[in-house]
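*Asks:* give me a 3D structure for the following:
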Amino acid sequence: MVLARPEVTPATGRTTPKAGRAGARRTATRLGLMAVPLAFFGVFFAYPVASIVSRGLKDGGRWQFARAGEVLTDPAIGHVLWFTTWQAAASTALTLALALPGAYVFARFDFPGKRLLRAVVTVPFVLPTVVVGAAFLALLGHGGLLDELWGVRLDTTVWAILLAHVFFNYAVVVRTVGGLWAQLDPRQEEAARVLGAGRLGAWRRVTLPALAPAVAAAALMVFLFTFTSFGVVQILGGPRYATLEVEIYQQTAQLLDLPTAAVLTLVQFAAVAALLAVHARTVRRREATLRLVDAARTARRPRGAAEWTLLGSVLAVVALLVLLPLAVLVLRSFDGPDGYGLAFYRALGSAGAGGGTLVVPPLEAVGNSLAYALAATAIAVVVGGLAAAALTRREGRLVRGFDALLMLPLGTSAVTVGFGFLIALDEPPLDLRTSWILVPLAQALVGVPFVVRTVLPVLRAVDVRLREAAAVLGASPLRAWREVDLPLVGRALAVAAGFAFAVSLGEFGATVFIARPDSPTLPVAVARLVGRPGEFNYGQAMALSTILMLVCAVALLLLERVRTDRTGEF
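*Replies:* Sure, this is the predicted structure:
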């Protein structure tokens, strides 16, 4: 799009008519770019959520706001609210404590296998929460590794939930904080030490203030993801623990109490909106206040015993926290009734092997998931790409509000969205309940924020003078974008598509409602198998989880080879 400089008359200081027309064209272009994302989010996010909330809080056409007071004063609901907040705060604190040293190591040290390890620690973040739950069930649950070695079981305890949340969010801190840390000029801290400050004092006065916005942004994102946790708590928490998201699912799917579910949805929505508003402010502070350098200039080989010890301790944490649960998951998938072998993998081809848990062979879920994820990726790239182009200019409340809207699906109850799809999209011209496209649409809602966050920094880094030169040479806004911006952001679009594919592949909260029994996705199939007793159900769940984990890992390894900018959040 054309971003011409405003022309000002010397005598009055006012903009000329030409500059005014240019400004009007820019506004019209931005609104045109926003049209498709706004329509997409309006129809497939705001409308379903509003429908289920209104269905729950209306009785005979009249709003029943008194129901909110009844729900919020219920001691059982109060306990759910308290546990949701407490476990999110505890998970965030534990994640920061374990991941900040890793952020420093990835930012400042250069060591063999760094790129591979960076991809490995990101695998848990894109895994479905049900797979994370299955991995920790294999490690901490009945018959798990700890149970076999020492007779210790941690499933149905809060510690299993906290550890699984750290496993899931470790990469958020490493990428968000480490990405900025790698770009901070180390000479500033060295100058403070030359002036007499000690190592700790220089770090506290120079580096910590610069990192504070990134640490705050990472902490808020971890709190957001754990505050809305569903699959992990559903599998590992047992009947004793429930977050808001789990309670919404139980009230909606099991008790059919829509008024209570609607009130809890509004409570969660308000909390998520507040968190995203604070997160947006921290991101703007990080963008506006720092002078950064090339990350390639700051990494070096570790020096001295202390630095090698730090590197070793971080590698040990990664091995125990990230690699061990994944390794146990793979091991359990081969541990069949007659010893180690491929019995559970062979059973995936038969619908009857799971005792009727699934109406189709579990292996069909692999093909379903790949097809749905590809369609969701295409939708997310188109919608997210247009949204990122509209957000290229930073200023204005309109831009900030639009940016916040795009992030809402990451924190809004996926259960509410999924059930809202069934309620809202059931009449022409939007009767999609029996259409296959319903699943990719729900998955794309989660993929769009990742596309925006991956593409937007690259678009903002494009020199505005290149667009201006194209405009001077007669290029239209569309042609300027096609011939200037698109070649520069091609790799970013490829990375964005990869993340959208991986995230869509693992979406569970909404898909569990709308996936048809004869076309389950991998996460839905895993959840149904884990939820039923029987050795073959459990073994097939481990086998399907292993397949999904390998697909996600391969996708991330390919992304690490494609991407050129390694400093972003994703």
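
*Asks:* pLDDT weak spots in the stretch 251-400 of the chain?
*Replies:* 279-297, 351-357, 393-398, 400 (pLDDT under 70).

*Asks:* hey, where'd the helices end up in it?
*Replies:* Here the stretch 251-400 of the chain has its helices, by DSSP state H, counting those that start in this stretch, at 258-289, 304-318, 324-334, 343-347, 364-390, 397-411.

*Asks:* please work out which of those helices is packed deepest.
*Replies:* helix 364-390 (a mean of 22; mean count of other CB atoms under 10 Å). (Glycine included, C-beta is placed from N, CA and C.)

*Asks:* which elements pack onto the longest helix seen in the chain?
*Replies:* Longest helix of the chain, by residue count under DSSP state H: helix 75-108. Applying 3 or more CB pairs under 8 Å, 6 or more residues apart in numbering; DSSP states H and E, we find helix 75-108 packed against helix 114-126, helix 158-181, helix 208-227, helix 244-249, helix 258-289, helix 304-318.

*Asks:* off-centre distance for the last one?
*Replies:* Mean-position distance between helix 304-318 and its chain equals 28 Å (CA atoms, centre = their mean, to the nearest Å).

*Asks:* give the buried residues for stretch 230-250.
*Replies:* Using 16 or more other CB atoms under 10 Å as the test for burial, stretch 230-250 gives 230-237, 241-250.

*Asks:* between the helices of the stretch 251-400 of the chain, which gets nearest to V158?
*Replies:* V158 lies closest to helix 324-334 among the helices of the stretch 251-400 of the chain, at 17.3 Å (CB to CB).

*Asks:* grab the CA positions of that closest one and hand them over as PDB.
*Replies:* C-alpha atoms of helix 324-334 as PDB (Å, rounded to 0.1, in the frame of the first residue of the first chain):
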ATOM      1  CA  LEU A 324      11.800 -37.300  29.100                       C
ATOM      2  CA  PRO A 325       8.000 -37.000  28.800                       C
ATOM      3  CA  LEU A 326       8.200 -37.300  25.000                       C
ATOM      4  CA  ALA A 327      10.500 -40.300  25.300                       C
ATOM      5  CA  VAL A 328       8.200 -42.000  27.800                       C
ATOM      6  CA  LEU A 329       5.300 -41.400  25.500                       C
ATOM      7  CA  VAL A 330       7.100 -43.100  22.600                       C
ATOM      8  CA  LEU A 331       8.200 -46.000  24.800                       C
ATOM      9  CA  ARG A 332       4.600 -46.600  26.000                       C
ATOM     10  CA  SER A 333       3.400 -46.700  22.500                       C
ATOM     11  CA  PHE A 334       5.600 -49.800  21.800                       C
END
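
*Asks:* taking helix 158-181 as reference, get the angle to that helix.
*Replies:* For helix 324-334 against helix 158-181, the angle by axes from the mean of the first three to the mean of the last three CA atoms, to 10 degrees is 120 degrees.

*Asks:* so what angle separates the directions of helix 324-334 and helix 304-318?
*Replies:* Using the same axes, to 10 degrees: helix 324-334 against helix 304-318 is 40 degrees.

*Asks:* show me what helix 324-334 is packed up against.
*Replies:* Using 3+ CB pairs under 8 Å, 6+ apart, helix 324-334 sits against helix 129-140, helix 343-347, helix 535-562.

*Asks:* residues contacting that helix, please?
*Replies:* By CB atoms under 8 Å, 6 or more residues apart in numbering, the list of residues contacting helix 324-334 from outside reads 123-124, 131-132, 134-136, 138-139, 144-145, 167, 340-342, 344-345, 538-539, 542-543, 545-546, 549.

*Asks:* re the thing from before, so which of the helices and strands packed on helix 324-334 is the most surrounded?
*Replies:* By mean count of other CB under 10 Å, the helices and strands packed on helix 324-334 have helix 129-140 as the most buried, with a mean of 28.

*Asks:* with only the CA atoms kept, save it in PDB.
*Replies:* Extracted C-alpha coordinates of helix 129-140, given in PDB (Å, rounded to 0.1, in the frame of the first residue of the first chain):
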ATOM      1  CA  THR A 129      -3.000 -30.300  25.200                       C
ATOM      2  CA  VAL A 130      -4.400 -33.800  25.300                       C
ATOM      3  CA  VAL A 131      -1.100 -35.200  24.000                       C
ATOM      4  CA  VAL A 132       0.700 -33.300  26.700                       C
ATOM      5  CA  GLY A 133      -1.700 -34.800  29.200                       C
ATOM      6  CA  ALA A 134      -1.100 -38.300  27.700                       C
ATOM      7  CA  ALA A 135       2.700 -37.800  27.900                       C
ATOM      8  CA  PHE A 136       2.600 -36.900  31.600                       C
ATOM      9  CA  LEU A 137       0.100 -39.600  32.300                       C
ATOM     10  CA  ALA A 138       2.700 -42.100  30.800                       C
ATOM     11  CA  LEU A 139       5.300 -40.500  33.100                       C
ATOM     12  CA  LEU A 140       3.500 -39.800  36.300                       C
END
